[in-house]
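Student: I'd like to go over a predicted model; first the sequence, then the structure.
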Amino acid sequence: MPDLQNRPTLSKHVWIIYIFTFLLLLYVWYYQWIVGLIMTVVYAASFYYSIRTERVLLDEAEEYISTISHRVKKVGSEALLEMPFGIVLYNDNFQIEWSNPFMNQFKASKDTIIGESLNQLSEDLIPMIIENRDEIWVEIGDYTFLCVIKKEEKLLYFLDRTEHQKLKDRYYNEQTVLAIIFLDNYEEITQNMDDTAKSQLNSQVTAVLNNWSSHYGLYLKRTSQERFLAVGNLEILEELEKVKFSILDEVREMKGSESNPVTLSIGVGAGNMTLPEIGEVAQSSLDLALGRGGDQVAIKDENGKVRFYGGKTNPMEKRTRVRARVISHALKELVRASDNVIIMGHKSPDMDAIGAAIGVLNIAKTNDVPGYIVFDENDVETGVSRLIDRIREDGELWDQFISPEEAEDLMIDQQSLLIIVDTHKPSMVAVESLLNYTDYKIVIDHHRRAEEFVDNPTLVYMEPYASSTAELVTELLEYQPKGVKLKVLEATALLAGIIVDTKSFTLRTGSRTFDAASYLRSQGADTVLVQHLLKDDLEVFIERSNIIERTQIYNDYIAIATAPSGRAYNPVLIAQAADTLLSMVGITASFVISERADGRIGVSARSLGDVNVQVIMEQMNGGGHLTNAATQIEDKTIEEVKEMLVEIIDELEYKKGRDSE
């Protein structure tokens with residue numbers, strides 16, 4: 001192959017040499033004509049040979065360039081028409097003007113896609129072009145493409161990434177998933193069984209779980225009488241989520257005892273993490289599922305997001321006095337090791353929060369440690385105003401109620417013990433900033449555990465099976481030193497908290513609830529005073545009646561009431577309206593929607609247990625219990641919230657119908 005780049009340069013050098021030689025010949029001819037003649041002959045022969053060689057090189061170069069040009073043109077044509085990637089030209093109306101043959105395999109009915117809209121290829125293309133995206137991933141038929149967009153040229157390149165996507169999907173689907181399976185009430189069900197019955201139950205549970213794991217391709221290992229470990233991958237997890245973890249229903253339908261069915265709680269850890277991290281996440285998910293009452297699945301990934309399935313049944317009472325005694329002893333030690341005890345409930349405290357706070361105050365007093373209740377006088381609901389008035393009359397007790405400013409500036413420090421009652425969400429505590437002042441925090445609550453939780457608590461006593469936090473605190477009081485007796489007002493406040501949360505012992509009431517009420521009565525709780533504290537004002541009764549008057553019955557058994565717009569209603573009033581609706585004949589669930597003082601729309605939900613209002617409220621970013629839940633929604637009107645609620649009810653009813661088929 002000729003060196004085309006160097007050829008012009010060499011030719012120039014040759015000419016310079018020949019000119020220099022010609023001048024030299026003239027010099028030789030002048031002095032030695034014979035020598036000059038010889039040299040002239042040599043010079044002429046050399047010159048002729050050089051010219052001839054130069055012409056040959058030029059001819060070869062021209063032929064080479066012509067051949068290369070033809071080959072490049074041919075390769076370009078073949079690349080455009082035959083290479084395994086797509087090229088599409090479109091017009092201003094997003095219609096295909098030209099495409100290479102590769103794209104014709106995606107034609108709908110004609111022999112070519114020319115003239116079709118880009119939507120025929122993918123509905124994502126036109127919006128992405130309008131948004132000035134440079135490239136997007138699209139699915140066309142069985143192919144996955146990286147589409148490179150050249151908007152100025154109205155040109156699209158479709159680069160086949162199908163195998164790449166398959167490999168990516170395979171990597172994702174084969175990520176490890178760990179599930180810890182726990183028999184919620186194994187001890188309660190088997191404690192009165194003989195060995196034969198217990199063995200039969202174990203075999204039955206194991207058989208059901210083995211069949212389930214084999215069907216979905218899980219590895220299952222029983223690690224104790226009430227605990228199993230399952231290993232799978234994300235692809236299996238997606239299949240389990242599609243059927244809403246039907247294993248919960250299968251196990252629940254087994255015969256455990258006459259009154260209590262066998263139920264499962266499953267904590268799942270999934271995501272791109274190490275095995276120890278996945279294990280920790282799975283255990284955390286199980287704790288969350290159990291904290292919400294059991295009989296459900298909690299799935300947590302590496303981002304901390306949690307998905308729930310199940311939770312259809314009312315949690316059965318399965319607390320033991322052993323646990324209450326252990327917690328009470330631990331609480332006593334923590335109280336005695338602190339300089340003082342700061343107690344706070346949730347914002348806009350109710351009877352349960354104030355009653356429980358007073359009970360914890362007496363635990364501090366019993367152990368000779370100063371205790372204070374954080375209370376904001378500007379955040380008092382009507383329902384507890386009479387109790388606060390009675391507390392004011394007791395100077396000694398009222399002196400232990402401090403404002404948020406006093407708590408922050410004077411009382412709390414690193415050696416303080418902060419006890420949160422009747423809530424576990426930092427956003428709902430009376431003064432969220434107090435959580436940062438001490439590392440010693442205790443949570444006592446009866447609500448189902450949510451994703452949001454107080455960071456690094458020293459001690460947690462959460463029992464969603466309890467009727468109220470006042471009930472839990474009453475049991476803790478029973479195991480404290482007997483040095484100080486409850487005052488009548490203090491015992492009455494605790495009893496009022498229990499009565500309010502159980503709707504006078506009609507909902508969420510277990511045998512332990514009556515035990516706690518009996519103890520408080522023995523301490524001097526005044527039931528007549530409770531009735532006085534819980535009386536309604538006439539104006540409140542009329543307002544509640546006006547809301548109830550606006551009730552609509554949905555699906556024959558659900559009551560939905562919407563308060564008049566343009567006016568903020570007290571959350572307690574709304575909750576009372578929902579409770580009242582639930583007492584009507586034929587109503588199994590009630591929802592009351594109203595505007596709040598903070599500008600949000602509040603929804604209060606109640607149920608007799610047939611409808612899981614907790615699941616409904618969780619889909620509206622709220623929470624609560626199966627029979628008692630609520631939520632607050634921003635940037636929507638009452639009617640928009642009502643439409644959202646009806647859509648969720650319809651969706652859940654549809655799924656319920658599908659599950660029963």
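Tutor: Happy to help now that I have it.
Student: mean confidence score for the helix or strand containing residue 248?
Tutor: Using DSSP states H and E, residue 248 falls within helix 247-252. Averaging pLDDT along helix 247-252 yields 87.
Student: Over to stretch 455-464?
Tutor: Confidence over stretch 455-464, taken as the mean pLDDT, stands at 84.
Student: can you pull the pLDDT of residue 633?
Tutor: So, for residue 633, pLDDT stands at 90.
Student: And it, how far from residue 423?
Tutor: For residue 633, the distance to residue 423 equals 20 Å [C-beta to C-beta, to the nearest Å]. Bear in mind the C-beta positions are built from the backbone N, C-alpha and C, glycine included.
Student: Which of those two has more residues huddled nearby?
Tutor: Each of residue 633 and residue 423 had its neighbours counted (other C-beta atoms under 10 Å), and the higher figure belongs to residue 423 (24 against 20).
Student: so the more buried one makes contact with residue 448?
Tutor: No: using C-beta atoms under 8 Å, residue 423 is not in contact with residue 448, being 11.8 Å away.
Student: Walk me through the domains of the chain.
Tutor: The chain breaks down into these domains under automatic domain parsing: 7-80, 86-166, 174-310, 321-533, 538-660.
Student: And the residue nearest the centre of this structure?
Tutor: residue 305 (3.1 Å; C-alpha atoms, centre = their mean).
Student: Can you show me the CA trace of the one helix or strand residue 365 maps to as PDB?
Tutor: Secondary structure from DSSP H and E places residue 365 in helix 351-366. Below are the C-alpha coordinates for helix 351-366, written out as PDB (Å, rounded to 0.1, in the frame of the first residue of the first chain):
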ATOM      1  CA  MET A 351     -57.900  11.100  79.200                       C
ATOM      2  CA  ASP A 352     -55.700   8.100  78.600                       C
ATOM      3  CA  ALA A 353     -52.500  10.200  78.100                       C
ATOM      4  CA  ILE A 354     -53.100  12.400  81.200                       C
ATOM      5  CA  GLY A 355     -54.200   9.400  83.300                       C
ATOM      6  CA  ALA A 356     -51.200   7.400  82.300                       C
ATOM      7  CA  ALA A 357     -48.800  10.400  82.900                       C
ATOM      8  CA  ILE A 358     -50.300  10.800  86.400                       C
ATOM      9  CA  GLY A 359     -49.700   7.000  87.000                       C
ATOM     10  CA  VAL A 360     -46.100   7.300  85.900                       C
ATOM     11  CA  LEU A 361     -45.700  10.300  88.200                       C
ATOM     12  CA  ASN A 362     -46.700   8.100  91.100                       C
ATOM     13  CA  ILE A 363     -44.100   5.500  90.100                       C
ATOM     14  CA  ALA A 364     -41.400   8.300  90.400                       C
ATOM     15  CA  LYS A 365     -42.900   9.500  93.700                       C
ATOM     16  CA  THR A 366     -42.900   5.900  95.100                       C
END
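Student: what element comes up after that helix heading to the C-terminus?
Tutor: As assigned by DSSP H and E, the chain's next helix or strand after helix 351-366 is strand 371-374.
Student: neighbouring contacts of that next one?
Tutor: For strand 371-374, contacts defined as C-beta atoms under 8 Å, 6 or more residues apart in numbering pick out 340-344, 357-358, 360-361, 363-365, 400-404, 407, 411, 430-431, 434.
Student: Name every strand pairing with that strand and say which way it goes.
Tutor: strand 341-344 (parallel), strand 401-402 (parallel) (DSSP bridges).
Student: Tell me which of those strands is the most buried.
Tutor: The highest average neighbour count among these, using mean count of other C-beta atoms under 10 Å, belongs to strand 341-344 at a mean of 28.
Student: sorry, back to before: what are the contacting residues of the helix holding residue 248?
Tutor: Contact with helix 247-252 is made by 205, 208-209, 212, 261-264, 266, 295-297, 309-310, 312-313, 659, as judged by C-beta under 8 Å, 6+ apart.
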